[in-house]
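Asks: Build the 3D model from these lines:
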Amino acid sequence: MKKRYWLFVPLLIFVVLAVLLWQGLGRDPSSRESALLEKPFPAFSLTTLEDPDKKVDASLLEGQVTLINVWGEWCPTCKREMPQLLALKARGVHLVGVDYKDTRDRGRAFLNEFGNPFALTVFDPEGSLGFDLGVYGAPESFIVDAQGNIRYHHTGYITPEDVEGVILPEIQRWQ
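Replies: Alright, predicted model coming up:
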């Protein structure tokens, strides 16, 4: 009689795992929160996309609210997002780009083709800054307050509706 109960253990394990996996499939990956919210922007020292001799660090984010956008030439969604970033620039938003896991030539060509909304673009060819930010892929955006603290994280594409409904209100909140 006891031997029969052991037959149900693998079935029970399978059912539990199936339920856990099913729940995970139903979650929206863009709704994940950044572990860096309310914390200072990670320290870094990288060159700009425009000038390989010009080094920049996190101090460039101090003094004004800034939208940091992580993008790459290889990212098709980043191309779709550029009109929204250009619209944010036209509305007076200070934008800094992070060209993530890219080449300098491809990054420059991308901005020449799709427009450049960024006051400055940090060149992150190895993805070290992206790693420190917890970036899963591009595009991802962060709103950083005037003291250099991350206040908002947007995973994925900024839609036209996000500009008015999410991004601009968040920027105004921290100004």
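
Asks: Can you show me the strands along this protein?
Replies: 45-47, 55-57, 66-71, 94-100, 120-124, 140-144, 150-155 (DSSP state E).

Asks: now the helices for the chain?
Replies: Remark: helices assigned in the chain by DSSP state H are 2-25, 76-90, 104-114, 128-133, 160-162, 168-174.

Asks: buried residues in the shortest one?
Replies: Same thing as helix 160-162. D162 (16 or more other CB atoms under 10 Å). Every C-beta, even on glycine, is put in place using the N, C-alpha and C of the backbone.

Asks: will you turn the strands of the chain into CSV that also has mean pLDDT and mean neighbour count?
Replies: Below are those laid out as CSV (pLDDT from 0 to 100; neighbours: other CB atoms under 10 Å):
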stretch, mean pLDDT, mean neighbour count
strand 45-47, 98, 15
strand 55-57, 97, 14
strand 66-71, 98, 25
strand 94-100, 98, 24
strand 120-124, 98, 22
strand 140-144, 97, 23
strand 150-155, 96, 19
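
Asks: related to what we said a few turns ago, of all the helices of the chain, which lies closest to P40?
Replies: In terms of CB to CB, the element of the helices of the chain nearest to P40 is helix 128-133, at 11.2 Å.

Asks: Using CSV, list the CA coordinates for that closest one.
Replies: Extracted as CSV, the C-alpha positions of helix 128-133 are listed here (Å, rounded to 0.1, in the frame of the first residue of the first chain):
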residue,chain,number,x,y,z
SER,A,128,29.3,47.6,-18.6
LEU,A,129,27.0,50.5,-17.8
GLY,A,130,24.0,48.6,-19.1
PHE,A,131,25.0,45.7,-16.8
ASP,A,132,25.3,48.0,-13.8
LEU,A,133,21.9,49.4,-14.6
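
Asks: So what's the model's average confidence on it?
Replies: Helix 128-133 shows a mean pLDDT of 96 in the predicted model.
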